[in-house]
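Visitor: Sequence and predicted structure, then a few things I'm wondering about:
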Amino acid sequence: MDFCEDCDSLLQPKKHPESGEVLSYCPDCEEFKGAEISTPGRIAIPNEARDDIENDPEKGRMLILEDDDNRTVGRPSKEMYCPNCQSNEEVEYWEIQTRSADESPTRFFKCLTCEKQWREYD
């Protein structure tokens, strides 16, 4: 799991429109991260990232994004306050154990209106 160095948002896998490769994408900065541009119109993926995808039994297809409404298949949603919109909006949420097992999991949220992502700790 990677976070954007500029805005701390959770990076998502997304197909690059020109190359068709699945790369890390920051929805807040609206740009692809961690990819080196070797020549205009071509993107080079680092070898270690390429090895990770080749060794992954799901081949990077585990997270499915719906292009229509930016929802992630299988994630629950509810109406809650979005700090970016400053109003109650529909928000996707999920939990990941990012710290040691004796601490509570980290909760991640994504507003479906403005696509801002944030996290909460206990």
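Guide: Happy to help now that I have it. Residues are numbered from 1 along each chain as shown.
Visitor: Please make it C-alpha for all contacts and neighbour counts, starting now.
Guide: Noted.
Visitor: From one end of stretch 8-19 to the other, what's the distance?
Guide: End-to-end distance of stretch 8-19 (C-alpha to C-alpha, to the nearest Å): 26 Å.
Visitor: same thing with stretch 7-26?
Guide: End-to-end distance for stretch 7-26, by C-alpha to C-alpha: 9 Å.
Visitor: That stretch - what's its average pLDDT?
Guide: Average pLDDT, stretch 7-26: 82.
Visitor: residues of that stretch that come out buried?
Guide: 9-14, 22-26 (16 or more other C-alpha atoms under 10 Å).
Visitor: partners of the helix or strand hosting Met80, with directions?
Guide: Element membership of Met80 [criterion: DSSP states H and E] is strand 77-82. Sheet pairing of strand 77-82 (DSSP bridges) gives strand 87-96 (antiparallel).
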